[in-house]
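> when you get a sec, could you give me coordinates for this:
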Amino acid sequence: MNNPNESNAIFIHQRLQWFIVLLFLLLGAKADQSADRIIGRWQFPSKGSSVDIYRKGNLYFARVAEVDQAGEQNFGLMKDSLLIRDLRFDGEVWSGGRLIHPKTGMSLNAEVQMFRPQVINVTIYKGIKLLHRKFIMTRQEKQ
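Predicted coordinates:
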């Protein structure tokens with residue numbers, strides 16, 4: 001015959017295990033939501049061209065959505081081309097990504113930081129961050 005104290009301890013242990021599993025699932029979902037804040041359409045400073053940032057697995061990508069004449073002539077942007085790949089969210093910034101410059105084909109490091117829900121700061125650099133180019137992109141509202 002089972003000891004009532006032993007049965008009670010097993011019941012409490014099982015409940016504690018379920019609580020821990022549920023807590024990890026909730027914390028994981030919150031982390032994904034935080035990282036997914038970057039998903040959406042973002043306009044370049046000139047406001048004529050934009051990219052769609054999306055997630056695939058645990059990585060984030062930016063695909064050219066709209067291109068104006070200046071974006072096409074000055075930077076070689078082409079609609080639907082993949083601009084940034086493999087960004088990873090570390091809890092504060094999306095980094096480790098690669099930007100392939102459409103006009104030159106040069107591979108550059110890419111990092112994205114969100115200061116406000118409607119504004120991201122994109123940093124592009126080759127090798128070391130000391131020599132970099134930053135530009136601000138604004139979220140394009142859904143129409």
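
> where does Ala35 fall, secondary structure wise?
When elements are assigned from DSSP states H and E, Ala35 belongs to helix 4-35.

> which stretches of this structure aren't confidently modelled?
Along the chain, segments meeting pLDDT under 70 span 1-33, 142-143.

> what about the residue nearest the centre of the chain, helix or strand, and which?
For the chain, the residue nearest the mean C-alpha position is Tyr60 (4.5 Å; CA atoms, centre = their mean). Per DSSP H and E, Tyr60 falls inside strand 59-66.

> tell me the strands beside the longest strand along the chain, with direction?
Criterion DSSP state E: the longest strand present in the chain is strand 107-116. Paired neighbours of strand 107-116 in the sheet (DSSP bridges): strand 93-100 (antiparallel), strand 119-125 (antiparallel).

> as a markdown table, those with distance to Gln113 would be great.
Where you see a C-beta, it was placed from the backbone N, CA and C, and this is true even at glycine. Shown next, in a markdown table, are the strands paired with strand 107-116 (distance: least, CB to CB, whole Å):
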| stretch | distance to Gln113 |
| --- | --- |
| strand 93-100 | 5 |
| strand 119-125 | 5 |
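
> can you say which of those is nearest to Gly48?
Closest to Gly48 of these, according to CB to CB: strand 119-125, at 16.4 Å.

> show residues contacting the closest one.
Residues outside strand 119-125 that contact it (CB atoms under 8 Å, 6 or more residues apart in numbering): 38, 42, 99, 108-115, 129, 131-139.

> can you check stretch 92-108 too?
Stretch 92-108 has contacts (CB under 8 Å, 6+ apart) with 35, 38, 60, 74-78, 81-88, 109-113, 124-126.
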